[in-house]
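Q: here is a sequence together with a model predicted from it:
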Amino acid sequence: MSDSPRVALATCSWLPDGSDDVVHLMKALAGLGVRAEPVVWDSGADWASYDLTVVRSTWDYPARRDAFLAWADAVPRIVNAPEVLRWNTDKRYLRDLAAAGVPVVETLWDPADVPSSWPEYVIKPAVSIGSRDTARWGPGEEERARAHLRALRSEGRAVMVQPYLSAVDTLGETALVFRDGAFSHAARKAPILTAGAGIEGPVAFDASRGQVTPSEAAPEQLAVAERALAAAPGGLLYARVDLVPGPDGAPVLIELELTEPNLYLQHAPGSAARFAESIAARL
Ligand SMILES: Nc1ncnc2c1ncn2[C@@H]1O[C@H](COP(=O)(O)OP(=O)(O)O)[C@@H](O)[C@H]1O
Ligand SMILES: [Mg+2]
């Protein structure tokens, strides 16, 4: 296999062996004669020695977004494309999608104070992953919520405030995974934000928090996902569309993940092989 193509699956230093997805992709790519390996994005690796770099579990970039984007610009052959990563690593891209007519969760951008019109709301930074610095607030918690808002603003971060979509507690969040623009599989993610937990998260570890299980895509969910992708840049190797039922029950977009989504491959038999085929086709 010494002259077989080489693929770097970009990961981060606290996950040097890559995520579950990376492990599954390596196996599936090996079956196609492609040598893939996890490579830490800021390790100073020789990126030109790879035929392709696929961004995967680079989950430490929010604190160093500029360095991450500069790295992506410098890698000779990388997917998703650097301009996609630039647009997608700041959740203000949701404004572009809303302007294009995609149903997006209602969002206040950089408000001066906490909202009074919603019983419960979420405060989160525009650049973040894994629910970091994100919290759910409710009645009687205005002072803590204000402190959260102020702390983010004083760090110079763009802040988003949204109504808490309570359907996430019963129906969960639906992730629709696409490869090369075509639907691959769906997963359900259990709720993550606990009432009263603040930004520190729940005191007791709860294994059901954010737990992922296989799911099905409803036609109305697929329709919203297709609209979101139609309004996004083209040429995407991977995309994950995260939806939650809105106040009227119709699905709304809470995130379009084009940078480092967990693709939940281990929950969908055959999906790693499909992604491996799409990667191999780009070599
Ligand atoms: N408006 C909201 N209503 C209900 N839950 C939310 C809302 N916004 C975020 N969450 C919860 O917080 C999690 C993380 O928020 P998200 O916007 O997906 O950012 P990221 O995954 O990049 O941290 C979501 O998976 C969901 O469980
Ligand atoms: Mg998310």
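A: Received the coordinates, thanks. Ligands and ions are numbered 1, 2, ... in the order given.
Q: up against ligand 1, what does the stretch 101-250 of the chain have?
A: Contact residues (CB under 6 Å from any ligand atom) of the stretch 101-250 of the chain with ligand 1: 105, 122, 124, 128-131, 134, 162, 164-165, 168, 173, 189, 191-193, 242. Just so you know, the C-beta spots here come from the backbone N, C-alpha and C atoms, and that holds for glycine as well.
Q: list only buried entries from those residues.
A: Listed as buried from these are 105, 122, 124, 128-129, 131, 134, 162, 164-165, 168, 173, 189, 191-193, 242; burial here means 16 or more other CB atoms under 10 Å.
Q: could you list which residues are in contact with Arg86?
A: For Arg86, the contacting residues are 69, 72, by CB atoms under 8 Å, 6 or more residues apart in numbering.
Q: so it sits in a helix?
A: Yes - counting by DSSP: H, G, I helix; E, B strand; the rest coil, Arg86 is found in a helix.
Q: start at 14 instead
A: Understood, numbering begins at 14; the last thing we discussed is Arg99.
Q: still on that earlier bit, which of the buried ones among the residues of the stretch 114-263 of the chain next to ligand 1 fall in helices?
A: Using DSSP state H, the subset of these located in helices is Val181.
Q: close to ligand 1, is stretch 94-109?
A: No - applying CB under 6 Å from any ligand atom, one finds stretch 94-109 out of contact with ligand 1, separated by at least 6.9 Å.
Q: same question for that stretch, mean pLDDT?
A: Averaged over stretch 94-109, pLDDT sits at 98.
Q: how long is it end to end?
A: One end of stretch 94-109 sits 18 Å from the other (CA to CA, to the nearest Å).
Q: how far is it from where the chain is centred?
A: Distance, stretch centre to chain centre, for stretch 94-109: 11 Å (CA atoms, centre = their mean, to the nearest Å).
Q: what comes up buried for it?
A: Within stretch 94-109, the residues that count as buried by 16+ other CB under 10 Å are 94-95, 97-102, 104, 106-107.
Q: what residues are up against Ile205?
A: By CB under 8 Å, 6+ apart, the residues touching Ile205 are 144, 222-223.
Q: quick check, nearest of those residues to ligand 1?
A: Closest approach to ligand 1 among those (CB to the nearest ligand atom): Ser144, at 4.1 Å.
Q: so where's the stretch 64-213 of the chain uncertain?
A: In the predicted model of the stretch 64-213 of the chain, no residue satisfies pLDDT under 70.
Q: show me the helices in it, by range?
A: Ranges of helices within the stretch 64-213 of the chain are 78-87, 95-101, 106-112, 155-167, 180-183, based on DSSP state H, counting those that start in this stretch.
Q: domain-wise, how is the chain divided?
A: Taking automatic domain parsing as the domain assignment, the ranges for the chain are 19-94, 106-116+179-277, 121-176.
Q: quick one, which of those is nearest to Ala293?
A: Across these, Ala293 has its closest neighbour in domain 19-94 (4.8 Å, CB to CB).
Q: in the host helix or strand of Val35, which residues are buried?
A: Element membership of Val35 [criterion: DSSP states H and E] is helix 33-43. Applying a neighbour-count criterion of 16+ other CB under 10 Å, one finds 34-39, 41-42 buried in helix 33-43.
Q: between those residues, which sits nearest His161?
A: Nearest to His161, judged by CB to CB, of these is Asp34 at 31.4 Å.
Q: quick one: the closest one and Asn275 touch, right?
A: Yes - Asp34 is in contact with Asn275 according to CB atoms under 8 Å; the separation is 6.2 Å.
Q: tell me, what's touching those two both at once?
A: The contact lists of Asp34 and Asn275 share Ser70, where a contact means CB under 8 Å, 6+ apart.
Q: spatially nearest residue to Ala94 (excluding sequence neighbours)?
A: Nearest residue to Ala94, sequence neighbours excluded (CB to CB, 6 or more residues apart in numbering): Gly248, at 6.5 Å.
Q: doesn't that neighbour lie inside a strand?
A: No - according to three-state DSSP, the state of Gly248 is coil, so it is not within a strand.
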